[in-house]
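A.B. asks: Dropping the sequence and predicted coords here.
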Amino acid sequence: MLLSILVVSCQETQSNQNNSDSNNTGIFEKLSKDAFAKKMEEKTNEILIDVRTPEENKNGTITNAININFYDKNFEEQLLKLDKSKPIFVFCKSGGRSGKACSNMKDLEFKEVYELKGGYSGWKK
């Protein structure tokens with residue numbers, strides 16, 4: 001029960017924050033499908049991460065995405081293998097896990113992270 005309250009509280013806090021958070025630790029933006037696609041075209045050496053489960057990933061993904069399962073016990077360890085200086089693009093099914101993953105990346109001092117608003121479900125539309 002307490003976990004449910006904390007999850008809801010965190011989601012409300014995130015939804016009340018601005019979609020863009022730019023400060024000394026880097027750039028963190030939640031982008032619409034079109035803005036996400038445009039930003040990927042603009043950037044070079046970007047890394048695209050699908051944080052869904054391997055089973056979800058088998059049903060389709062965005063071209064060139066690396067699957068790093070958010071629920072893996074070594075999720076953070078896998079993130080730390082990525083180049084923090086490169087632009088990172090993140091998505092999940094509908095936006096919940098990718099938001100948490102972006103929060104993790106901010107704590108881990110990644111420099112530039114873009115989250116797909118609405119996740120892969122919105123991408124396919």
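C.D. replies: Great, that's in hand. Numbers count the residues shown, from 1 in each chain.
A.B. asks: Wait, residue 28 touches residue 106, no?
C.D. replies: Yes. With contact defined as CB atoms under 8 Å, residue 28 counts as touching residue 106 (5.7 Å). C-beta here means a position set from N, CA and C on the backbone, and glycine is covered the same way.
A.B. asks: more crowded one of these two?
C.D. replies: A direct count of neighbours by other CB atoms under 10 Å for residue 28 and residue 106 places residue 28 higher, at 21 against 15.
A.B. asks: show me where pLDDT drops low in the protein?
C.D. replies: Where the chain drops to pLDDT under 70, the residues are 1-25.
A.B. asks: Strands of that one, start to end?
C.D. replies: 20-23, 26-31, 47-50, 66-67, 88-91, 112-116 (DSSP state E).
A.B. asks: most tightly surrounded among those?
C.D. replies: Greatest average neighbour count among those goes to strand 88-91 (a mean of 27), per mean count of other CB atoms under 10 Å.
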